[in-house]
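>>> when you get a sec, could you give me coordinates for this:
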Amino acid sequence: MLFRSEPVLRLGTLMLTRLGCSVSACRSGTETLETFAAAPAEFAAVLIDWQMPGVAGDALVRALRAVRADIPVVVCSGLGEAPSDTPGLRYLAKPFTFQELGAVVDDVRRALPPGAGGA
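Model (predicted):
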């Protein structure tokens, strides 16, 4: 998971934790990619902000999937519409509510194969 600012990062971590998720909070696309690449099997899904410092958007999605092609990716964006036509992305418009985040988390969990951990 990654978000632009520290307060939003803490709030997002709290929300995801309350939804039963294990969270690795990152402050940039570069940190996200490094964290994910170090232990890709530990992650059931990745939630990213579309516009982040370092590696962002389509480039980050491609890099994550180069490490693990089957990783579910949820993209948060305030652009008003899905920022990419990349297959298999889930989109979460900002600002979002706890209920909207919960619905996306539930959607990701339902799509995971049995025994997949992390989300």
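>>> roughly how far does the spatially most central residue of the chain sit from residue 41?
When Cα atoms, centre = their mean is applied to the chain, the residue found nearest the centroid is residue 47 (0.7 Å). Taking Cβ to Cβ, to the nearest Å as the measure, residue 47 and residue 41 are separated by 18 Å. For every residue, glycine as well, the C-beta is placed using N, CA and C.
>>> over to residue 110?
Computed with Cβ to Cβ, the distance linking residue 110 and residue 41 is 20 Å.
>>> hmm, residue 43 is touching residue 73, no?
No - taking contact to mean Cβ atoms under 8 Å, the distance of 10.3 Å between residue 43 and residue 73 leaves them out of contact.
>>> mind listing the helices for the protein?
Using DSSP state H, the helices assigned to the chain run over residues 6-18, 29-38, 57-67, 98-111.
>>> counting by contacts, list what the third one packs against.
Read that as helix 57-67. Packed against helix 57-67 by the contact rule (3 or more Cβ pairs under 8 Å, 6 or more residues apart in numbering; DSSP states H and E) you find helix 29-38, strand 46-49, strand 73-77.
>>> I'd say residue 37 and residue 65 touch.
No - taking contacts as Cβ under 8 Å, residue 37 lies outside contact range of residue 65: 11.6 Å.
>>> coming back round to it: just name the most buried of the helices and strands packed on helix 57-67.
The highest average neighbour count among the helices and strands packed on helix 57-67, using mean count of other Cβ atoms under 10 Å, belongs to strand 46-49 at a mean of 25.
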